[in-house]
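Asker: sequence isn't available, so here's the structure alone:
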C-alpha cells in the first residue's frame, strides 16, 4: 500500500491498529475461543504486515484484512491437532459468566461451523448487507444467503424456545 | 426482525463487549514485534514433535511385540510346576534327499549327534530293503541287507523296469510302484501300477495294474489287507481304499487339499487301526478305515480369532516356509501318539493355518497350536507318546511336551553337513 509520501509502513500500522478490535471480535466469534482467536488474529496481523505491498487500494483494506483473519481462523481449526497435544500456542479459555439465554446461545453457536458463524457475525453484529458480505468475502451472494439461512435454521433447531418469526416489537 | 435474530444480535454485542480496545492493542503490539521466523519455527517444532511421536509409537510397538513373544515362549515354562520331562534315549530318523531315497540319517538325542546313514525300509529280523533302479528303467536291483552292517543277507534280485516307493506290508510282502519310459529320450513316463513283491523269495506274487502309487507311497492297514492312497500326481486325485487281497477299489473319496507349500498332508491310522486321519492342511478329516465312511473333522484354523489374520502374509514373520519332504507321503505331515491320545499335524502355509496343531482324539478338538517360526519340516511323536519331535526349518530339532506345549529342549543347529527335509520315524537308540 502506498500513501504517496514514502510513509506507507506507519500508515499501514495505523490502519491495522484502527481495525484490530474489529478483527479480534470477528475471530473470537468465528472460533468461539478467546485464546484461539488471539492466536489467529495475531497470526493474521503478521501476515497482513508482510503482504502489505499487495494491497493496492486503501479502501479495500477492511475486506482484505477480514479475509486474512478468516483464513487464519479456518487454518487454526485445521491444525488444532497440534494445539490439542500442547504443541502449538497456548490456548486459554475465558470463563463465561452469563445468563441462561446467553449460555444456551453460546452452546448453540459452538455447534455451527466457523463459516456459518462468520456470516452470522458480519450480518448481525457488523450490520453488513448480504451483498456486502459476499463482496468482502469474495463469494457469491447466494452462498452468503444459504449460509445465513442454514445458520438460522440450525439455531432454531438447537434453541426450540425461540421463534424465527417476526416479533414486531423490535426487541 | 425475529426473536432469534434479535437474540443473536444481542449475544454478539455482549460477546464483543468482553473484548476491549486494550486487548486488541496488546494483540496488535505482539504481532508487530513478532518475527516471521516464529511461524517457521512453530511448524518445525510441530514436525519434529510429530516425528518423535511416530518413532515412540513404532519403538513401543516393537517392544510390546517382543514382550508378547517372550511371554508366549516362556509362559508355560514359568507357570508349569512339573519339571521338564527327560529326553528319551531315542533316535530320530531324518530325511536328507541327497543321500538317496533308501537311506535316512539317524539323529541320536542323548548326545545330539547325527550318525551314519541307515536304510529307510526296514524288514523283520533286523533286515532292510535297498532298491536301485537304472536311470533308463531297464532294470531294478533289489537287495535285502542286514540293517546294521548293510551286508547282503540273500541274493540280489534283478527286475525289468523301475520299482520304487515301497510299502512294507505285515503279510511278508512289499508293495512296489512299477513304471518305465516309453520313449528313448526318457521323457515319457508310463505308470504300470503296482506289484506285490515277496522279499524272502525274491519273486513278484501279484500285480495291481490299476493301483497308482508312483512317487507317493500309500499307507497300509496293520493287517496289510487295505491300502490307503492319496496321490496328487494322478488325474483324478482322490482318497482311495484298495483291497490288496482282491485288488478291488473299496472307496474313492473326494478330499480337499490345500496345495500350499510341501508341509501339510499325509495319512495316518489310529492306534486301533479303525480310523484313518487325513491332514487336509486346514482340517483334520477322519474316515472309517474299513468302509471309507467319513467321520467328524476338526478345523485347524485360527480364522477370525487370529490377531494377525487380516495382515498380508509378508507382514507376519512367523510364516516362513520350510522345504519339507513331500507332504502327501504318509506320516510326514501328520503323526499319531502311540498311546492314541493325540494327533499332531502341520497346517498349510497360510496365515490362519500355519504351524503345528495337536488334536485331542477323544474330543476331536484342538488341544494346542503353536507356530514354528522357521517353518515346520516334519514331526513325529516319541515312542511312548509323551514328547513330540518337530523339525523346525532344516536344521533345528525341537522337543515339545504336547500336554503343556512346553519346549523341553531345542537342538540347534543340528551338527550335520546337509539339510533335512522331514522326519521319517523314531527308533530306539
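Answerer: Perfect, thanks for sending it. All values reported here derive from a predicted model rather than from experimental measurement.

Asker: neighbours of residue 50, just the number please.
Answerer: If you meant another chain, say so; for now it's chain A. Counted with other Cβ atoms under 10 Å in any protein chain shown, residues neighbouring residue A:50 total 11. For glycine as for every other residue, the C-beta is placed from the backbone atoms N, C-alpha and C.

Asker: chain B is the one I meant
Answerer: Residue B:50 has 14 neighbours, counted by other Cβ under 10 Å.

Asker: how much space between the most centrally placed residue in chain A and chain B?
Answerer: Centroid-nearest residue in chain A, with Cα atoms, centre = their mean: residue A:26, separated by 2.9 Å. Per Cβ to the nearest Cβ, to the nearest Å, residue A:26 is found 10 Å from chain B.

Asker: for that residue, give me the pLDDT.
Answerer: Looking at residue A:26, its pLDDT reads 93.

Asker: you'd agree it is up against residue A:69?
Answerer: Yes - taking contacts as Cβ atoms under 8 Å, residue A:26 lies within contact range of residue A:69: 5.7 Å.

Asker: which of the helices or strands spans residue 143?
Answerer: Let's take chain A. Residue A:143 is located in helix A:141-158, with elements delineated by DSSP states H and E.

Asker: my question was about chain B
Answerer: In this assignment (DSSP H and E), residue B:143 forms part of strand B:139-146.

Asker: what residues sit buried inside that strand?
Answerer: For strand B:139-146, burial by neighbour count (16 or more other Cβ atoms under 10 Å in any protein chain shown) applies to B:140, B:142, B:143, B:144, B:145.

Asker: could you find the closest non-adjacent residue to whatever residue of the stretch 101-250 of chain B ends up closest to chain A?
Answerer: The minimum distance from the stretch 101-250 of chain B to chain A, using Cβ to the nearest Cβ, falls at residue B:112 (55.7 Å). Spatial nearest neighbour of residue B:112, excluding adjacent residues (Cβ to Cβ, 6 or more residues apart in numbering or on different chains): residue B:411 at 5.3 Å.

Asker: what's across from that neighbour in the sheet?
Answerer: Here residue B:411 sits in beta bridges with residue B:397, going by DSSP bridges.

Asker: and it, how far from chain A?
Answerer: Relative to chain A, and taking Cβ to the nearest Cβ, residue B:411 is found at 52 Å.

Asker: any idea how far that residue lies from residue B:424?
Answerer: Noted for residue B:411: a distance of 17 Å to residue B:424, by Cβ to Cβ, to the nearest Å.

Asker: more neighbours: which of these two?
Answerer: Neighbours around residue B:411 and residue B:424, counted as other Cβ under 10 Å, are more numerous at residue B:424. The numbers are 23 against 19.

Asker: okay, and the helix or strand of chain A with the least pLDDT?
Answerer: Ranking every helix and strand in chain A by mean pLDDT, DSSP states H and E puts helix A:80-84 at the bottom, with a mean of 49.

Asker: quick check: next helix or strand after it?
Answerer: Counting by DSSP H and E, the element after helix A:80-84 in chain order, helix or strand, is helix A:100-110.

Asker: quick one on the thing from earlier: tell me the spacing between the residue nearest to residue B:112 and residue B:68.
Answerer: Plainly put, residue B:411 is 26 Å away from residue B:68 if you go by Cβ to Cβ.

Asker: with residue A:53 instead?
Answerer: Relative to residue B:68, residue A:53 is positioned 60 Å away (criterion: Cβ to Cβ).

Asker: quick check: can you list the domain ranges of chain A?
Answerer: Per automatic domain parsing, the structural domains of chain A span A:1-94, A:96-161.

Asker: same check, this time on chain B
Answerer: Taken from automatic domain parsing, chain B resolves into B:3-77, B:85-118+B:256-429, B:120-254.

Asker: and among these, the most buried is which?
Answerer: The highest mean neighbour count among the domains of chain B, using mean count of other Cβ atoms under 10 Å in any protein chain shown, belongs to domain B:85-118+B:256-429: a mean of 19.

Asker: tell me the pLDDT at the residue in the stretch 51-200 of chain B positioned nearest to chain A?
Answerer: Residue nearest to chain A within the stretch 51-200 of chain B: residue B:53 (8.1 Å; Cβ to the nearest Cβ). With respect to pLDDT, residue B:53 scores 94.

Asker: helix or strand: which one has it?
Answerer: Assigned by DSSP H and E, residue B:53 belongs to helix B:37-79.

Asker: beyond that helix, next helix or strand please.
Answerer: Following helix B:37-79 toward the C-terminus (DSSP H and E): strand B:90-95.

Asker: sheet partners, orientation included, of that following strand?
Answerer: strand B:103-108 (antiparallel), strand B:422-428 (antiparallel).

Asker: now do that strand: everything it contacts.
Answerer: B:104-109, B:114-115, B:118, B:120, B:325, B:378, B:380, B:382-383, B:389, B:391, B:397, B:414, B:420-429 (Cβ atoms under 8 Å, 6 or more residues apart in numbering or on different chains).

Asker: kindly recompute the last result at 7 Å.
Answerer: Strand B:90-95 has contacts (Cβ atoms under 7 Å, 6 or more residues apart in numbering or on different chains) with B:104-109, B:325, B:382-383, B:389, B:397, B:420-429.

Asker: check stretch B:294-301 too.
Answerer: By Cβ under 7 Å, 6+ apart, the list of residues contacting stretch B:294-301 from outside reads B:275, B:282-288, B:345, B:347, B:352-353, B:357, B:359, B:364-366.
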